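Asker: Sequence plus the predicted model coming up.
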Amino acid sequence: MAFSGLQVTIPLGRMGVVSDLAPTDVPPGSLIYANNIVLFNGTVQKAPGTLLYNTIPLSSGIVALFDWWPDTVRQRLIAVTADGSVYRDTGGRAFGTAIKTGLGMLTPNCIFCSGGGETSSRPKKLFLFTYGSKQVQVLEGDGITLRDIQQPAADWAVGNYPKVGIVHRSRLWAFAGQQSYASDTGDHENFTSTFLTDPIYPGEGGDIKGAFVYKGRLFVFKDEGFVYFLDDTDFDADNWNWKKLASNFGLSGSNAVCEALNDMLAGNTSGTVTSYAAVQAFGDIAAGDIFKTMQCESYVRENTSRAGLTEQHALYYPEKKQAFFTYRTSYRTANDLIFCIDYNGQQPRLLPCVKGSPQCLALRKDVNKILRPMYGSADGFVHLMDYEDRLEGTVSYTGAFQTDHMDFRFVDMALANKQKNFTFLSVTYVPESSGNLLCDYYIDGKYIDTLSFPMVQYTETELNTFLLNTSRLGQNAQETFYRPLAGFGRTLSLYFYNAGANESFQVASITVGFKPAGEQAQKNT
Amino acid sequence: MSQFRTTADYVTAVLRRAGEPTNGNSSFTDDALTYLNKLHHIVLAGGSVFNTDVDDTWTWARARFPLILELLPAVTDGSVSLTQGSQSGTFSVAPTQSVQGWHIQAKSNPNTLSGDREYYKIIQHTANSTAFQIDSQYVGGTGSGIIYNCFKLDYELVPSYLYVDSTNDKINFFDLAVQTQLTATLTHGSYTPAELATHAAARITIPSAATWTGSYDDTTRKFTLTSDLSGGATRQGFLGASGTDQGRSALALLGFDDLDTAASNTAALTSAYILGGISRLIEPVRVFRTWDSTVDCVDNIKMAEEYPLTDTRMGLPTKFARMWEDGAGRIVVRFNKYPQYLTKLEFEYVGIPRDLQNNAASLPLIPRKYSDLLEYGAASFISMDKEDDKAVAFAQLAGKQLEAMQRNNRAELYKAGKNFGEMVPRLDMTYNRRQRLRYGYTADTD
């Protein structure tokens, strides 16, 4: 006997978290909760895990990482820890003894800057800015020692060491207090002769806390929300000068800025992310708030702590077209959340990931020279991100997402107020895991029951399939699994999750079967 | 989980049929229990919306023991004094039992020309008292030394005796806040309700730290058991749901639910149900004082026409009529005669079932083989509430199950009996009990 009710298929994998709309306006397929998922190939998938780079933790939490290539052949991984030590790995995934200690208590606001190589005979150099804790540190070529910069500016002393730095127009730019310094073009360590120095709107705002080059233009960010850019259009560097861009929003942390596609994204002090392309195009700050554009601002505010903003990191992962921003959930002392802004759809989508404790983000070339993300954790491990296992290092994690409380008005407006006899729920998935996908379902906001959907492929013999013992070879075809759905009410919300080691899911769509009833009054629940 | 054995099983099955979650989160869980109870009552009492043609008396629904009623002979000792226009009268010899509710007829009033066939009902009288009141003013002539006849025709059907055996001799209870189970064991035997209350309290007192007292109220027909909360006892309550002696609990006999009562430190524990509530009478009443005698039920009009009170006679009753009935199962019947001697009658009946409870201790009376009736019937009610088109199919299935039950019931009677449901053309082919030779009539027979 065929099912006589309504069957409503809801495509997933198209919309991320949407929290800023009225419940009646939320489009089908959008999520009101998500954790550790990605939207890829039109499916909702459990976010990839990480691979531990080092098996022995470093002496303290990692606050800065850099994939250092002293030349085109040799790859080194440089890590800075919160206790003021710097480690260097040559590929053996064992950092060994620190190449530098005594840099004081450091925060994730430390910045690496690759410079040097001013002429073909000069080596590349890696500069480390400790956010003013110590003098600028230099790693020369494939050296194994870190030393102070050789010719610092005269006023770089205790209390006034440069906080941040960046290479622009063949100069190493350093920023201490409200002053900008640009090295000699022939020597990035030379801040004593033929160098530039210029105050940036002295007296306005706080210290300079960040610098970023976007579309060939150098932006600097001050405390208290001031943003400036360097007008370096003149051929003569003596005529270069700073201009103010904005005074009411600023950078949250020195590493909270990245370039994504045709945009510069910056974590701001109000806890959201500012799109500078939008700001420049429209001249409107509000229009540049990307979380507001994605209609998930309230979700971010409700699920993060402002305490972690000053140590925020941002990173763009070009391979997957995703931008990462670290955040901190409530009651934590270190950042433990990454908001992934996914650019694979027509509109960017927000996907939260709460796993591990990412303190700093960086890119690292894999064996194929593809830049892959990695993070340094608070427990001294380097995690290589986007790893195929569904383990965060060695720890399993939960992947979860929840649909809106759907009253199915998107099918027929008359259904909104009707009670519904829910009959079945089917999940269309791509089998790739041995575990189950669990589904807590809520009717009229009340938890009803938990369903279980296998994420394995069918094990029955089928025509032209190749069976080894009981498992077939892997397939990329979708399968659909039905479960009875029991309950009666107006709205339905589905919370999918699994949490076992290496358990994953790839869900393309769900179908809800129900029979509409009348407009009865709500029963007490 | 067992299958269609306990009420909890049925609740689960009903919810599943009705498309509801079975983990307690359905908003229809309470409704499922309510509908199961409704069906349970309906099937036992006879008459069901699922099939109005099915009204059999199910063997499994009968009370385990018949209700024993003892008919009392008339009181005629001495005489009475009555005053015209007054409701009060006086016995010359005080009856030793209360005759409240009895009828009285002045048989030889010298002040009434034509004798006095008027009858009155005694509204108030106390045992061993000479004073009484009748239901209206006395319309005969005032006089004393009036020969009278005081007889009882109206009886409330309530068990005179309760029986304790191995099926109902345990009481699981607690007397501390932590509800640690204690168990009392009743002595097997036959008890009047008052005796049972006293005995149960005495037996509960043995394992309890406290002293318990028990009573039975003839008016409410309920038992009350009370702890004095002495000796370190702080709470009182019964473990009708979680007690370990399910299947031989006396709580049903005492009228308590299959529930763990809330721990109380003040209230007495009073039964939830009246003693011996009757859902339906199912057979003519049996009388054993004479050979092969039954008392048949007639309606009130026939009773009044054929056996007018003014002409009530002594003898073994042959008819009775249901005079009054309430929702709890109280039934008052009137017999057409009063006996010369104390006479025992047996009523076969279907009792009013206690409420089913959503737990494993509560067992429906309906046999498991007919579980579909409860399951589909209750599911149809819920489906109707949900405006689910499955309601019709469920109702049809429940109706069919009723029919099947009827056929099964009759088939068993047919197979186990000799002539059940058959037209027998010759009387010699039917069973005839050998009749003893009886000559003439006795005072107890017509």
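Answerer: Received, thanks. Numbers count the residues shown, from 1 in each chain, chains lettered A, B, ... in the order given.
Asker: Assign the residue of chain B found nearest chain A to helix, strand or coil.
Answerer: Ranked by Cβ to the nearest Cβ, the top residue of chain B for proximity to chain A is B:Glu387, at 3.7 Å. Every C-beta, even on glycine, is put in place using the N, C-alpha and C of the backbone. With DSSP: H, G, I helix; E, B strand; the rest coil as the basis, B:Glu387 sits in coil.
Asker: hang on, isn't it packed against A:Ala517?
Answerer: Yes: under the contact definition of Cβ atoms under 8 Å, B:Glu387 touches A:Ala517, with a separation of 3.7 Å.
Asker: and B:Met314, how many residues sit next to it?
Answerer: A total of 15 residues lie near B:Met314 under the criterion other Cβ atoms under 10 Å in any protein chain shown.
Asker: same thing with A:Pro28?
Answerer: A total of 18 residues lie near A:Pro28 under the criterion other Cβ under 10 Å.
Asker: ditto for B:Thr310
Answerer: Other residues lying near B:Thr310 total 10 when counted by other Cβ under 10 Å.
Asker: and if you look at A:Pro373?
Answerer: When neighbours are counted by other Cβ under 10 Å, A:Pro373 registers 23.
Asker: got the contact list for it?
Answerer: Applying Cβ atoms under 8 Å, 6 or more residues apart in numbering or on different chains, we find A:Pro373 in contact with A:315, A:317, A:324, A:361-364, A:385-386.
Asker: For the closest residue to it other than its chain neighbours, give me the pLDDT.
Answerer: In space, A:Pro373 comes closest to A:Met385 once its chain neighbours are excluded; the distance is 4.2 Å by Cβ to Cβ, 6 or more residues apart in numbering or on different chains. For A:Met385, the pLDDT comes out at 95.
Asker: I figured A:Met385 was touching A:Arg372, is that so?
Answerer: Yes: proximity of A:Met385 to A:Arg372 meets the contact threshold set by Cβ under 8 Å, at 6.7 Å.
Asker: and these two? which has more neighbours close in?
Answerer: Between A:Met385 and A:Arg372, counting by other Cβ under 10 Å, A:Met385 is the more crowded of the two (26 against 18).
Asker: Check the gap between the more buried one and chain B for me.
Answerer: Distance of A:Met385 to chain B, computed by Cβ to the nearest Cβ, to the nearest Å: 39 Å.
Asker: What residues does that residue make contact with?
Answerer: A:48, A:50, A:317, A:372-375.
Asker: Whichever of those residues end up buried, select them in ChimeraX.
Answerer: When burial is assessed using 16 or more other Cβ atoms under 10 Å in any protein chain shown, the buried subset of these is captured in ChimeraX by this command:
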select /A:48,50,317,372,373,374,375
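Asker: secondary structure class for the residue nearest to A:Pro373?
Answerer: When the structure is split into helix, strand and coil by three-state DSSP, A:Met385 lands in strand.
Asker: Now name the helix or strand holding B:Ala304.
Answerer: Using DSSP states H and E, B:Ala304 sits in helix B:300-306.
Asker: okay, that helix in CSV with CA atoms only?
Answerer: Included here for helix B:300-306 are C-alpha records, laid out as CSV according to Å, rounded to 0.1, in the frame of the first residue of the first chain:
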residue,chain,number,x,y,z
ASN,B,300,-39.1,-2.8,38.1
ILE,B,301,-42.5,-2.5,36.5
LYS,B,302,-43.1,-6.2,36.4
MET,B,303,-41.9,-6.5,40.0
ALA,B,304,-44.4,-3.8,41.1
GLU,B,305,-47.2,-5.3,39.1
GLU,B,306,-46.8,-9.0,40.1
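Asker: doesn't B:Gly89 make contact with B:Gln137?
Answerer: No: at 10.8 Å, B:Gln137 and B:Gly89 do not qualify as touching, with contact defined as Cβ under 8 Å.
Asker: neighbour count winner among the two?
Answerer: When B:Gln137 and B:Gly89 are compared for neighbours, B:Gly89 comes out ahead with 23 against 13, by other Cβ under 10 Å.
Asker: so what's the more buried one bridging to?
Answerer: Using DSSP bridges, the bridge partners assigned to B:Gly89 are B:Leu82, B:Phe132.
Asker: Could you check the pLDDT of A:Arg472?
Answerer: Here, the pLDDT recorded for A:Arg472 equals 53.
Asker: Give the helix, strand or coil label for B:Leu33.
Answerer: Assigned by three-state DSSP, the conformation of B:Leu33 is helix.
Asker: can you check the one 5 residues further on too?
Answerer: Look at B:Lys38: counting by three-state DSSP, its state is helix.
Asker: burial count for it?
Answerer: For B:Lys38, the neighbour count with other Cβ under 10 Å is 13.
Asker: which residues does it contact?
Answerer: B:Lys38 makes contact with B:378, B:381, according to Cβ under 8 Å, 6+ apart.
Asker: Can you pull out the low-pLDDT segments for the stretch 251-400 of chain B?
Answerer: Under the criterion of pLDDT under 70, the regions of the stretch 251-400 of chain B flagged as low confidence span B:292.
Asker: Now the residue of chain B closest to chain A: phi and psi?
Answerer: Summarising the backbone geometry of B:Glu387 under the convention degrees, to the nearest 10, its torsions are phi 50, psi 40.
Asker: Name the residues contacting each of A:Met385 and A:Arg372.
Answerer: Residues touching both A:Met385 and A:Arg372 by Cβ under 8 Å, 6+ apart: A:Tyr317.
Asker: what does stretch A:89-105 rub up against?
Answerer: Taking contacts as Cβ under 8 Å, 6+ apart, the residues outside stretch A:89-105 that touch it are A:53-56, A:58-59, A:74-88, A:130, A:133-134, A:137, A:139, A:144-146.
Asker: same deal with stretch B:84-97?
Answerer: By Cβ under 8 Å, 6+ apart, the surrounding residues in contact with stretch B:84-97 are B:72, B:75, B:77-83, B:104, B:123, B:125, B:127-142, B:145, B:150.
Asker: Just the buried subset of the residues you listed, please.
Answerer: The neighbour-count test (16+ other Cβ under 10 Å) marks B:72, B:75, B:79-83, B:104, B:125, B:130, B:132, B:134, B:138, B:140-141, B:150 as buried among the contacts of stretch B:84-97.
Asker: can you tell me which of those residues are in strands?
Answerer: Judged by DSSP state E, strands contain the following of the buried ones among the contacts of stretch B:84-97: B:80-82, B:104, B:125, B:132, B:134, B:150.
Asker: Could you save those residues as TSV and add columns showing pLDDT?
Answerer: As requested, those are exported to TSV (pLDDT from 0 to 100):
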residue	pLDDT
B:Val80	94
B:Ser81	94
B:Leu82	92
B:Ile104	94
B:His125	97
B:Phe132	97
B:Ile134	96
B:Cys150	95
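Asker: quick one: which of those residues is nearest B:Ala361?
Answerer: Looking at these and their distance to B:Ala361, the nearest is B:His125, at 44.4 Å (Cβ to Cβ).
Asker: beta partners of the closest one?
Answerer: Under DSSP bridges, the beta-bridge partners of B:His125 are B:Phe132.
Asker: any low-confidence regions in the stretch 1-150 of chain B?
Answerer: Low-confidence regions of the stretch 1-150 of chain B, defined by pLDDT under 70, span residues B:1, B:109-116.
Asker: residue contacts, B:Ala18?
Answerer: For B:Ala18, the contacting residues are B:28, B:32, B:379, B:382-383, B:386, B:388, B:390, taking Cβ under 8 Å, 6+ apart as the criterion.
Asker: give me phi/psi at A:Asn303?
Answerer: For A:Asn303, the backbone dihedrals are phi -120, psi 10 (criterion: degrees, to the nearest 10).
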